[in-house]
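*Asks:* Here is a sequence together with a model predicted from it:
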Amino acid sequence: MDLSLPQQFEAETIKRSIEDADDLNTLKALARELADLYVRQRAATAWVIAEK
């Protein structure tokens, strides 16, 4: 699946945040945020599919 330009920009921003992190606590915080977003996105997708 191809990402739109804004999605590509967002992905690059996240990747750069990870690359720029220089301590474990920052990486942990980023990982927690990404895990939360991933679970929320899966829940939203399941809801959309169930509504069809």
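*Replies:* Everything's here; your move.
*Asks:* Can you find which helix in the chain contains the most residues?
*Replies:* helix 24-51 (DSSP state H).
*Asks:* That one - contacts with which helices or strands?
*Replies:* Where contact means 3 or more CB pairs under 8 Å, 6 or more residues apart in numbering; DSSP states H and E, helix 24-51 is packed against helix 5-20. C-beta: built from backbone N, CA, C; applies to glycine.
*Asks:* Please compute how far the helix it packs on lies from its chain's middle.
*Replies:* Chain-centre distance of helix 5-20: 9 Å, with CA atoms, centre = their mean, to the nearest Å.
*Asks:* Quick one: mean pLDDT over that helix.
*Replies:* The average pLDDT for helix 5-20 rounds to 94.
*Asks:* try stretch 42-52
*Replies:* Stretch 42-52 shows a mean pLDDT of 94.
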